[in-house]
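Participant: Got a predicted structure here, sequence first:
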Amino acid sequence: MAKIRVLIVDDSAVVRKVFREELAKEPDIEVVGAAPDPYVAREQIVELKPDVITLDIEMPRMDGITFLRKLMKHFPLPVIIVSSLTQAGSAIAMEAMDVGAVEVLAKPGAAYSVGEMGEQLAEKIRAAARVDVTRRRMAPKVAAPVRVSSRALTASTNKIIAIGASTGGTEALKEVLTRLPATIPGIMIVQHMPANFTTSFAERLDSLCPFRVKEAEDGDTVIPGQALLAPGNFHMVMRRSGARYFVNVKNGPLVCHQRPAVDVLFNSVAAFGGKNAIGVILTGMGKDGAQGMLKMKEAGAKTIAQDEKSCVVFGMPKEAIASGGVDQVLPLDRISQAIVDLL
């Protein structure tokens, strides 16, 4: 099987060295080149024809966003944004996702060991290699507005919604959440994303949605009209005390190479939410969420998976479907309506 050819673009010699060493451990990945800035990268892209690029944002001579815009216009390739764990850097990374990047990764630092970073980098490269960036650049069709019946959510305040996503999930979540009504029951979301990036992503969604979206904090109550996004590098689990649902945000080992992990959330929702829950699994690489979604269904929850055609990467939904844990398989533009219908 042909190896995935990777080009590293980063002005830090240390980062280039660490990435090379970590990826050398992966039998299906080959680093074909490393460039200190976009001008050198441009020549190497033409010469080496990589399958995936890792791209720093802050670089000399040309910043990563400008380079990414040019790349997507003239030579579209799957790009993984690599950035330091700063609030400013994560906001720019969100802009990069809008421009066309398919994944985001934190540079090695206090929040992540080099080993964990290498494990996640390899997974993100495998996911990015499957992305058809040409198809992603096509303008999405405008979805019909969600219909809400007169009684739609009046008796559903005890309901809860759990959503998991990975590669391509930032745009998929935006599509689903922005079309839900302001009175929607409490939502919990796991999107595979590093620390601090989830803060910026939650703020971005909050500015677009008719309800509040915030990065979850330990002890937050799951209430109607609010979505809680698991913070990067922490698992989020749901708990119940009487009629009150709340979340615990905690550390722990990687699950399915991820922290936060969808399975961790879904398993807790199965245990404490049962038939009051709706589970949704969106685009993403790997099998995270499949086992947890099956547990949710077995506990009486209703479950939805995004279909292959509308996925950026049909990995997580495919595994959930294969496990037998999915009730409905739907295109992305029909998932919001399906959630409201189930309520």
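Facilitator: Yes, it's here. Numbering: from 1, shown residues only.
Participant: tell me which residues in stretch 221-228 are buried?
Facilitator: Neighbour counts over stretch 221-228 (16 or more other C-beta atoms under 10 Å) mark 222, 223, 224, 225, 226, 227, 228 as buried. Placement of C-beta: from N, CA and C, glycine included.
Participant: Name the nearest residue to residue 208, sequence neighbours excluded.
Facilitator: Of all residues not flanking residue 208 in the chain, residue 178 sits nearest, at 5.2 Å (C-beta to C-beta, 6 or more residues apart in numbering).
Participant: Wait, the one you found touches residue 206, no?
Facilitator: No: applying C-beta atoms under 8 Å as the test, residue 178 and residue 206 come out as separate, 11.0 Å apart.
Participant: And the residue nearest the centre of the chain, what's its pLDDT?
Facilitator: The centroid of the chain falls nearest to residue 166 when counting by C-alpha atoms, centre = their mean (3.1 Å). Residue 166 is assigned a predicted lDDT (pLDDT) of 95.
Participant: if we can go back for a sec, what is the nearest of the buried residues of stretch 221-228 to residue 173?
Facilitator: The nearest member of these to residue 173, counting by C-beta to C-beta, is residue 227 at 9.2 Å.
Participant: the helices in the stretch 51-200 of the chain, which residues?
Facilitator: Using DSSP state H, counting those that start in this stretch, the helices of the stretch 51-200 of the chain run over residues 64-74, 87-99, 114-129, 133-136, 169-177, 197-208.
Participant: Please work out which of these is packed deepest.
Facilitator: With neighbours taken as mean count of other C-beta atoms under 10 Å, those reach their highest mean count in helix 169-177, at a mean of 23.
Participant: Quick one: mean pLDDT over that helix.
Facilitator: Mean pLDDT, helix 169-177: 95.
Participant: now what about that helix, what contacts it?
Facilitator: For helix 169-177, the surrounding residues in contact (C-beta atoms under 8 Å, 6 or more residues apart in numbering) are 94, 97, 140, 143, 163, 165, 187, 189, 191-193, 201, 204-205, 208-209, 213, 227, 280, 282-284, 306, 311-312, 332-333, 335-336, 339.
Participant: and residue 10, how many residues sit next to it?
Facilitator: By other C-beta atoms under 10 Å, the residues close to residue 10 number 25.
Participant: just residue 189 next, same as before
Facilitator: 29.
Participant: doesn't residue 163 make contact with it?
Facilitator: Yes: look at residue 189 against residue 163 with C-beta under 8 Å: they come within range, at 4.8 Å.
Participant: Take the contacts of helix 169-177 and keep only those in strands.
Facilitator: Using DSSP state E, the subset of the contacts of helix 169-177 located in strands is 163, 165, 187, 189, 191, 213, 227, 280, 306.
Participant: Quick check: bridge partners of the fifth one?
Facilitator: Legend: beta-bridge partners of residue 191 under DSSP bridges are residue 165.
Participant: Could you do the last one as well?
Facilitator: For residue 306, the residues forming beta bridges with it (DSSP bridges) are residue 330.
Participant: before we move on, the earlier item: can you tell me the closest non-neighbouring residue to the residue nearest to the centre of the chain?
Facilitator: Of all residues not flanking residue 166 in the chain, residue 284 sits nearest, at 2.7 Å (C-beta to C-beta, 6+ apart).
Participant: Which pLDDT value belongs to that neighbour?
Facilitator: 93.
Participant: Next: the one 10 residues further on.
Facilitator: According to the prediction, residue 294 has pLDDT 98.
Participant: in what helix or strand does it lie?
Facilitator: Using DSSP states H and E, the element containing residue 294 is helix 290-298.
Participant: between that helix and strand 186-191, how many degrees?
Facilitator: On the basis of axes from the mean of the first three to the mean of the last three C-alpha atoms, to 10 degrees, helix 290-298 is oriented at 160 degrees to strand 186-191.
Participant: Determine the set of other helices and strands touching helix 290-298.
Facilitator: Counting contacts by 3 or more C-beta pairs under 8 Å, 6 or more residues apart in numbering; DSSP states H and E, helix 290-298 is packed against strand 160-165, helix 262-272, strand 277-281, strand 302-306, helix 316-323.
Participant: run the last query once more with 6 Å
Facilitator: Helix 290-298 is packed against helix 262-272, strand 277-281, strand 302-306, helix 316-323, with contacts defined by 3 or more C-beta pairs under 6 Å, 6 or more residues apart in numbering; DSSP states H and E.
Participant: Now which of the contacts of helix 169-177 would you call buried?
Facilitator: Taking 16+ other C-beta under 10 Å as the criterion, what is buried in these is 94, 97, 143, 163, 165, 187, 189, 191-193, 201, 204-205, 209, 213, 227, 280, 282-284, 306, 311-312, 332-333, 335-336, 339.
Participant: count of neighbours near residue 62?
Facilitator: By the criterion of other C-beta under 10 Å, residue 62 has 14 neighbours.
Participant: got a list of what it touches?
Facilitator: By C-beta atoms under 6 Å, 6 or more residues apart in numbering, the residues touching residue 62 are residue 38.
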